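Chemist: predicted model and sequence follow; I will ask about them next.
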Amino acid sequence: MGHLDHAAFGWLTPVLSYVMACIGAALGLRCTVRALGTTGRSRRNWLVTAASAIGTGIWTMHFVAMLGFSVSGTGIRYDVPLTILSLLVAMAVVCAGVFAVGYGRNRTRALFLGGLTTGLGVASMHYLGMAAVRLHGDITYDPVLVALSVVIAVVAATAALWAGLNIKSPVAVTVASLVMGAAVSSMHYTAMFAVRVHVTPSASILPGATAMQFIFPLAVGLGSYLFLTSAFVALSPAAGEREPSARARPTAESAAAR
């Protein structure tokens, strides 16, 4: 069995992946708060932004952490279509969960269904990403740790959606995002500790792309999207800020007319 290293670059990849998970969670929560304060097209747009932020943060966290994954005796490559599919799955299931909470009339039922759907989707994203791994050997899993990782994913997703419904202040959102980042990271590393690799030495060239050829550039691109979207949300006025401005505008116009 090959020796597995989950942090080949030391603390760099675990810390950076945690930061990406926290940024995605914080941005998603802020967008959800904005969505619940609006209606119509504006609510839909904020929910889509929230889903894309959380989904991107989770996927980026996973594959930044995977940059530090190595197995002695074999190289590692990634199947590009499966890797992209895992990103699309992350986006789709988070979107379903966020919309269930954003539009559900029965908040308790919507929270339960949304958390379950999103959690199972996050777990599916992780294991799809692992299915994209190409190496000389066979990958197996400890079923107990796999089950535990799925439970953590469901609990983390439910807690994130609950936070989106109930947490409003920026300080509370920051604390919640730190907790959510820890939960998502815990799910990832629990799932990775379930991995067992039986290496079969071979001189043949592995199919797919290396992490630095494909995963790293894509993770950098998605990380940039998170930072740019964070700046947009920070600069975009909240509903409470727009209302006084809207009331002040007619007053200013009437004063100018006089």
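Modeler: Arrived safely. Note that this is a predicted model, so its numbers are computed, not measured.
Chemist: just the buried residues of the strand or helix carrying Gly115, please?
Modeler: Taking DSSP states H and E as the definition, Gly115 sits inside helix 107-131. Neighbour-count burial for helix 107-131, counted by 16 or more other Cβ atoms under 10 Å, picks out 110-111, 113-115, 117-130. Yep, even glycine has a C-beta here, placed from its N, CA and C like the rest.
Chemist: got it, and stretch 19-36?
Modeler: Buried positions in stretch 19-36, judged by neighbour count with 16+ other Cβ under 10 Å: 19-36.
Chemist: I figured Phe9 hits Leu67, correct?
Modeler: Yes - taking contact to mean Cβ atoms under 8 Å, the distance of 7.1 Å between Phe9 and Leu67 places them in contact.
Chemist: the more surrounded of those two?
Modeler: It is Leu67, of Phe9 and Leu67, that has more neighbours when counted by other Cβ atoms under 10 Å, with 19 against 12.
Chemist: wait, what's in contact with the more buried one?
Modeler: Applying Cβ atoms under 8 Å, 6 or more residues apart in numbering to Leu67 gives the contacts Phe9, Thr13, Ala211, Ile215, Phe216, Ala219.
Chemist: run through the strands of the stretch 1-150 of the chain in chain order.
Modeler: Ranges of strands in the stretch 1-150 of the chain, per DSSP state E, counting those that start in this stretch, are 4-5, 70-71, 77-78, 133-134, 137-141.
Chemist: and Ala156, that's in a helix?
Modeler: Yes - following the definition DSSP: H, G, I helix; E, B strand; the rest coil, Ala156 is counted among the residues of a helix.
Chemist: next up, the contacts around the residue nearest the centre of the chain.
Modeler: Centroid check for the chain by Cα atoms, centre = their mean gives Ile58 as the closest residue, at 2.1 Å. The neighbours of Ile58, taking Cβ under 8 Å, 6+ apart as the test, are Ala21, Gly24, Ala90, Val94, Val122, Met125, Val184.
Chemist: contacting residues around the closest residue to the fourth one other than its chain neighbours?
Modeler: The spatially closest residue to Val94, leaving aside those adjacent along the chain, is Gly55, at 4.1 Å (Cβ to Cβ, 6 or more residues apart in numbering). With Cβ under 8 Å, 6+ apart as the criterion, the residues that contact Gly55 are Gly24, Leu87, Ala90, Met91, Ala92, Val93, Val94, Cys95.
Chemist: just Ser70 next, same as before
Modeler: Contacts for Ser70 were tallied using Cβ under 8 Å, 6+ apart; they are Leu4, Asp5, Ala8, Ile76.
Chemist: what's the pLDDT at the first one?
Modeler: Leu4 carries a pLDDT score of 86 in this model.
Chemist: excluding sequence neighbours, find me the nearest residue to it.
Modeler: The shortest distance from Leu4 to any residue that is not its chain neighbour, by Cβ to Cβ, 6+ apart, is 5.7 Å, and that residue is Val71.
Chemist: point out where the stretch 1-150 of the chain drops to low pLDDT.
Modeler: 1-2 (pLDDT under 70).
Chemist: my guess is Thr158 contacts Phe112. True?
Modeler: Yes - the criterion here is Cβ under 8 Å, and Thr158 meets it with Phe112 at 7.4 Å.
Chemist: now do the end-to-end distance for stretch 59-74.
Modeler: 25 Å (Cα to Cα, to the nearest Å).
Chemist: which stretches in the stretch 1-150 of the chain count as helices?
Modeler: In the stretch 1-150 of the chain, the helices defined using DSSP state H, counting those that start in this stretch lie at 12-36, 40-66, 80-103, 107-131, 143-166.
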